[in-house]
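S.K.: pasting the sequence and the predicted coordinates here, then a few questions.
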Amino acid sequence: MLRDNPLTDPYRRKLHVYLPSEYDKKRQQKAQFPVLFSLAGFTGSGLSASNWKSFEENNVERLDRLIGSGRMKACIVVFPDCYTSFGGNQYINSTAIGNYADYLNHELVPLIDREFRTISSREGRGCFGKSSGGYGAMLLGMRYPKIWGGVANHSGDSYFDFVYLSEWPSVLTHLSRYERAGKSPSLSQKSAKGIDDGRVKRFLKDIWSRSYETKTALTSQEVMTLMLLAMAASYDPDSSSPNGFKLPLDLVSGEVISARWKQWLKHDPVNLVSRYKKNLNSLKALYIDCGRSDQFHIHFGTRQLAQKLKLNSVKHTYEEFDGTHSGIDHRLDISLPFLAQRLK
């Protein structure tokens, strides 16, 4: 599904799969197991799930503890590699990034069902993730109910007017460094339509051309700029535009371009609940949580999302906790048993 993707990212990927100890026990040689897919947040990858961590467990150790102690039903857990040259993606199909929803739904799901003793139906399959991964899990549950039966969304992107618009001013200021030398800023018809005047292309070329031998770590502002461009490539792809996508703000004036921003809002979970009410109601499990001090202000979006779910009579569990957007893997102690218990 990723062959010939527009970023020329690798289409052959390593895939880590966790098997519980019960999988190989003699008395369970014919047993089938629920399967969960772990969706990494932006700049992350499933391949890092088994990395050693200081002062805390990695995901494999967490699963061993939860399942071994009886707190969680034995499950197979899949850790896909969906990393891109933008630093990640939103697990949706995009002509500017690649068809990552199709990759998960139509390539990895059948592969796992073929290779392992899974409960190969949506009643035994769920997905979970944090941040972009939580967003991806939410969208997969909304849009593909024949494939996914359960969702856990930790601090997933929502309420784009809060989460993204507040970050664009600093991104535009950073991109101004990539204006043509000696050229004074001026309003242009192209920029007002969300079309790159060259600075985005030069920024991406700079980031992507740095060699591993000489490059220094990306600054926090460079990562934020790359992430907002990744969102534009996800939510408003346009193969006829420079870089394969359009921008939601005028690069010079900073004015929000209404037509372009509407394209982003079409992907905001807060705006999708009523449309996908039937699909959401078919889920066997829907869990959402967020730290009430999230530095990206995502708790406001998750509150709205929970309220929309309630208004549409969609069964779900929503929790807030003392915490931010960082260091919240301990919440998996709640969501993973929740998902596993409710799947067939």
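M.R.: All right, it came through fine. Everything numeric in this text was worked out from a predicted model, so none of it was measured.
S.K.: mind splitting this protein into its structural domains?
M.R.: Using automatic domain parsing, the domain ranges for the chain come out as 16-159+269-342, 162-265.
S.K.: please identify the helix or strand for residue 66.
M.R.: Element membership for residue 66, per DSSP states H and E: helix 59-68.
S.K.: same question for the helix or strand following that helix, mean pLDDT?
M.R.: Where DSSP H and E defines the elements, the next helix or strand beyond helix 59-68 is strand 76-79. Strand 76-79 shows a mean pLDDT of 98 in the predicted model.
S.K.: what pairs with the next helix or strand after strand 76-79, parallel or antiparallel?
M.R.: Using DSSP H and E, the helix or strand that follows strand 76-79 towards the C-terminus is strand 93-94. Strand 93-94 has the following strand partners under DSSP bridges: strand 98-99 (antiparallel).
S.K.: max-length helix in the chain?
M.R.: Looking across the chain with DSSP state H, the single longest helix is helix 220-235.
S.K.: same for it, what does it pack against?
M.R.: With contacts taken as 3 or more CB pairs under 8 Å, 6 or more residues apart in numbering; DSSP states H and E, helix 220-235 sits against helix 168-175, helix 199-209, helix 258-265. (Each C-beta comes from the backbone N, C-alpha and C, glycine too.)
S.K.: what's next to it, contact-wise?
M.R.: Applying CB atoms under 8 Å, 6 or more residues apart in numbering, the external contacts of helix 220-235 come out as 42-43, 84, 86-90, 92, 94, 96-97, 164, 167-168, 170-171, 174-175, 200, 203-204, 207, 218, 243-248, 263-264, 266-267.
S.K.: about what we covered before: want to try a markdown table for the helices and strands packed on helix 220-235, with mean pLDDT and distance to residue 1 as columns?
M.R.: Formatted as a markdown table, those follow (pLDDT from 0 to 100; distance: least, CB to CB, whole Å):
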| stretch | mean pLDDT | distance to residue 1 |
| --- | --- | --- |
| helix 168-175 | 97 | 30 |
| helix 199-209 | 95 | 23 |
| helix 258-265 | 98 | 23 |
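S.K.: columns distance to residue 303 and mean neighbour count on top of those helices, output as a markdown table?
M.R.: Shown next, in a markdown table, are the helices and strands packed on helix 220-235 (distance: least, CB to CB, whole Å; neighbours: other CB atoms under 10 Å):
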| stretch | distance to residue 303 | mean neighbour count |
| --- | --- | --- |
| helix 168-175 | 23 | 17 |
| helix 199-209 | 33 | 15 |
| helix 258-265 | 18 | 15 |
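S.K.: wait, isn't residue 246 in contact with residue 236?
M.R.: Yes. The pair residue 246 / residue 236 is scored as a contact, 4.8 Å apart, by CB atoms under 8 Å.
S.K.: identify the contacts common to these two.
M.R.: Shared contacts of residue 246 and residue 236 (CB under 8 Å, 6+ apart): 194, 260, 263.
S.K.: turn the domains of the chain into TSV, columns for distance to residue 8.
M.R.: Below are those laid out as TSV (distance: least, CB to CB, whole Å):
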stretch	distance to residue 8
domain 16-159+269-342	8
domain 162-265	10
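S.K.: any weak-confidence spans in the stretch 51-200 of the chain?
M.R.: The model of the stretch 51-200 of the chain has pLDDT under 70 over residues 181-190.
S.K.: cutoff 80 now
M.R.: 181-192 (pLDDT under 80).
S.K.: mind listing the strands for the stretch 201-344 of the chain?
M.R.: In the stretch 201-344 of the chain, the strands defined using DSSP state E, counting those that start in this stretch lie at 285-291, 317-321.
S.K.: against residue 4, how distant is residue 98?
M.R.: Using CB to CB, to the nearest Å, we find residue 98 at a distance of 9 Å from residue 4.
S.K.: these two: which has the busier surroundings?
M.R.: Neighbour count, other CB atoms under 10 Å: between residue 98 and residue 4, residue 98 has more, with 25 against 7.
S.K.: returning to what we had before: the helix holding residue 66 packs against which elements?
M.R.: Packed against helix 59-68 by the contact rule (3+ CB pairs under 8 Å, 6+ apart) you find strand 16-18, strand 76-79, helix 332-342.
S.K.: which is the next helix or strand following the shortest one?
M.R.: Secondary structure here is assigned by DSSP H and E; on that basis, the next helix or strand after strand 16-18 toward the C-terminus is strand 35-39.
S.K.: residues in contact with that following strand?
M.R.: Here strand 35-39 makes contact (CB under 8 Å, 6+ apart) with 46, 49, 59, 75-80, 82, 91, 104, 108-109, 112-113, 116, 118-119, 124-129, 132-134, 136-137, 150, 336, 339-340.
S.K.: apply 6 Å and report the result again.
M.R.: By CB atoms under 6 Å, 6 or more residues apart in numbering, the list of residues contacting strand 35-39 from outside reads 46, 75-79, 91, 118, 125-127, 129, 133, 136-137.
S.K.: residues touching residue 156, list them.
M.R.: With contacts defined as CB under 6 Å, 6+ apart, residue 156 is in contact with 134, 135, 138.
S.K.: and the first one, how many neighbours?
M.R.: When counting by other CB under 10 Å, one arrives at 29 neighbours for residue 134.
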